[in-house]
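Enquirer: generate a structure from the sequence data that follows.
(one chain, ligands or ions: 1)
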Amino acid sequence: MLTATCHCGAVRVTVPRKPRTVTDCNCSICRRYGVLWAYYKASTVRAEAAPGALHRYAWGPKTQYFLRCATCGCIMCWQKIAPHPENRTGVNARNFEPEVLRSIRVVPLDGASLF
Ligand SMILES: [Zn+2]
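Expert: Residues are numbered from 1 along each chain as shown. Down below sits the predicted model:
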């Protein structure tokens with residue numbers, strides 16, 4: 001188990017294991033957020049936050065939303081809007097401890113051309 005925390009500590013995202021790789025995507029939103037995504041089956045990821053402590057953002061076809069801490073603004077993860085146990089979710093690996101992130105290979109993704 002591994003936990004990603006926001007800067008102020010109001011939001012914790014727990015994942016089952018360290019990812020083998022993280023994705024550095026250059027699409028219109030990921031490049032602005034400066035995130036590195038670790039992917040998991042949605043049912044294995046737990047986000048803990050007090051009521052109202054998470055803000056959501058979705059755009060375009062609104063198939064997924066991004067969750068960020070309402071207090072400190074850190075991007076925590078994205079989730080599919082329609083819940084399904086087989087859904088994938090992306091967790092922002094920037095919120096793992098630095099020594100954990102340092103040991104994971106970063107894979108570039110040309111999302112700007114794909115999405
Ligand atoms: Zn926070």
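Enquirer: against the ion, how distant is the closest residue to residue 56 other than its chain neighbours?
Expert: Once flanking residues are discounted, residue 56 sits nearest to residue 65: 4.5 Å by C-beta to C-beta, 6 or more residues apart in numbering. From N, CA and C alone the C-beta is placed, and that goes for glycine too. Going from residue 65 to the ion by C-beta to the ion, to the nearest Å gives 17 Å.
Enquirer: can you list contacts of the helix or strand of the chain with the lowest mean pLDDT?
Expert: Within the chain, no helix or strand scores below helix 111-114, which has a mean of 90 by mean pLDDT, DSSP states H and E. Counting by C-beta atoms under 8 Å, 6 or more residues apart in numbering, helix 111-114 makes contact with 25-28, 30-31, all of which sit outside it.
Enquirer: same check, this time on stretch 67-82
Expert: Residues outside stretch 67-82 that contact it (C-beta under 8 Å, 6+ apart) are 4, 6-8, 10-11, 13, 33, 35, 37, 42, 45, 47, 49, 52-58, 62-66, 87-92, 94-95.
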